[in-house]
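3D, please:
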Amino acid sequence: MDKPIAWYDPSNGMVSTDRDCPLFTPLGQVWGLYPKQEWVGLTQEEIEDSYVPNYQEQTRAVEAKLKEKNT
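Numbers count the residues shown, from 1 in each chain. Just a heads-up that it's a prediction; the model follows:
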């Protein structure tokens with residue numbers, strides 16, 4: 001996984017590129033902010049491989065494949 005590009009303190013809303021920023025709440029939890037990743041779609045073959053006769057099942061199969069490729 002990529003390194004965070006900045007840090008966020010949800011207790012006071014502060015954002016900084018410095019993990020040890022003095023404006024962060026003492027002993028507070030800070031979250032790493034990561035660069036946005038490029039969306040990865042399905043190939044025609046992956047779409048065809050996920051085919052099932054029921055539309056609802058079809059949608060779930062495609063959703064599962066997209067989740068697998070984008071996480």
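
next secondary structure after the lowest-mean-pLDDT helix or strand in the chain?
Sorting the helices and strands of the chain by mean pLDDT, DSSP states H and E puts helix 44-49 at the bottom, at a mean of 84. Per DSSP states H and E, the first helix or strand lying C-terminal to helix 44-49 is helix 55-70.

helices and strands around that next one, which ones?
Here helix 55-70 touches no other helix or strand, going by 3 or more Cβ pairs under 8 Å, 6 or more residues apart in numbering; DSSP states H and E. Yep, even glycine has a C-beta here, placed from its N, CA and C like the rest.

what is the neighbour count of residue 24?
Residue 24: 20 surrounding residues under other Cβ atoms under 10 Å.

does it touch residue 14 like I think?
Yes: between residue 24 and residue 14 there is a contact under Cβ atoms under 8 Å: 5.9 Å.

where are the low-confidence patches of this protein?
1 (pLDDT under 70).

how is the chain divided into domains?
Taking automatic domain parsing as the criterion, the chain consists of the domains 1-36, 39-71.

name the residues of the last one that are buried.
Counting neighbours by 16 or more other Cβ atoms under 10 Å, one finds that the buried residues in domain 39-71 are 50, 61, 62, 65, 66.

please tell me how far residue 49 sits from residue 64.
12 Å (Cβ to Cβ, to the nearest Å).

from residue 61, how far out is the residue of the chain most remote from its centre?
Within the chain, the residue lying farthest from the chain centre (Cα atoms, centre = their mean) is residue 53, at 30.5 Å. Counting by Cβ to Cβ, the gap from residue 53 to residue 61 is 11 Å.

how about residue 36?
From residue 36 over to residue 61 (counting by Cβ to Cβ), the distance is 26 Å.
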